[in-house]
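Visitor: Please work out how this folds:
(chains A, B and C)
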Amino acid sequence: MSQKFLEIQNELLPKVKLENIFKKDEIKLIAGVDLAYWDVNNTTHGTCCIVVIDYHTKEVIEKVYSYGEITIPYIPGFLAFRELPLIIDTVKKLINLPDLYMFDGNGYLHYRHMGIATHASFFLNKPTIGVAKSYLKIQGTDFMMPKNQAGAYTDININSEVYGRTLRTTKNVKPIFVSCGNWIDLHTSTEIVMNCINKESRLPIPVRLADLETHKVRKQLSHL
DNA sequence: GCGACAG
DNA sequence: ATCTTGTCGC
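Guide: The predicted model follows:
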């Protein structure tokens, strides 16, 4: 199974572009994407929630979700294959199409530069950013802890290539791991993430809201 | 058997 | 990811 997955990701890799294909003032709507899981008998079910906000006012513009059985197991390095089917299904329900998507997980910061944010971009056809809460160690490379100051960061350099960035979004709180998804550069990715931080969470608003939403939906669905 | 391991 | 209460601190 994972052999076929490897082939698919290796074919996509050459199409990744870590450059902005947009102008900053064109970014109006940003979506956060997340999933939550629960078990029914011996099968795993999941819900995908997408929350769209106005990048400038942070107002919630739209929320959509879908749910279904999850058939692909979680395998480190192949998260996209597990979560993409439900994500694609959910995106179809959006009325307000986002200018950019933020994911709970990595993008270019991945064994084959094909974390879920990067992989998903080819189905969404929009710029994407990866935001992970924990570190995925690649080739034994640890990350350097940034200074304890909001906005401080350290680049994750592996074999003379920058895979992503350890970003302290909030003082006195663990850093997050930001990486390019596709069609955007790391500098702009960092800037957009920081512009989506408030006192409520170390996570950018779109991802945080999508996370909260998946918990609500799960509580509702798993109690039926 | 042991340790690694985004979500 | 998920299983789970209280509790320390700003």
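Visitor: Check the gap between A:Leu109 and DNA strand B for me.
Guide: Relative to DNA strand B, A:Leu109 is positioned 8 Å away (criterion: C-beta to the nearest atom of the strand, to the nearest Å). Every C-beta, even on glycine, is put in place using the N, C-alpha and C of the backbone.
Visitor: In which helix or strand does that residue reside?
Guide: Taking DSSP states H and E as the definition, one finds A:Leu109 inside no helix or strand.
Visitor: swap in the one 5 residues further on?
Guide: Under the assignment given by DSSP H and E, A:Met114 is not contained in any helix or strand.
Visitor: That one: what's it in contact with?
Guide: Residues in contact with A:Met114, defined by C-beta atoms under 8 Å, 6 or more residues apart in numbering, are A:Gln9, A:Leu12, A:Leu13, A:Val16, A:Ala80.
Visitor: again, 6 Å this time
Guide: Residues near A:Met114 by C-beta atoms under 6 Å, 6 or more residues apart in numbering: A:Gln9.
Visitor: Specify the beta-bridge partners of the spatially most central residue of chain A.
Guide: With distances taken as C-alpha atoms, centre = their mean, the residue of chain A nearest its centroid is A:Phe103 (1.4 Å). When assigned by DSSP bridges, A:Phe103 has beta-bridge partners A:Val33, A:Gly130.
Visitor: I'd guessed it sits against A:Ala117; true?
Guide: Yes - with contact defined as C-beta atoms under 6 Å, A:Phe103 and A:Ala117 form a contacting pair (4.1 Å).
Visitor: Find residues that contact each of those two.
Guide: When contacts are counted by C-beta under 6 Å, 6+ apart, A:Phe103 and A:Ala117 are jointly contacted by A:Gly130.
Visitor: Can you report how many residues neighbour A:Glu19?
Guide: Using other C-beta atoms under 10 Å, A:Glu19 has 10 neighbouring residues.
Visitor: residues contacting it?
Guide: Contacts here follow C-beta under 6 Å, 6+ apart; on that basis A:Glu19 touches A:Asp185.
Visitor: Apply 10 Å and report the result again.
Guide: Counting by C-beta atoms under 10 Å, 6 or more residues apart in numbering, A:Glu19 makes contact with A:Cys180, A:Asn182, A:Trp183, A:Ile184, A:Asp185, A:Thr188.
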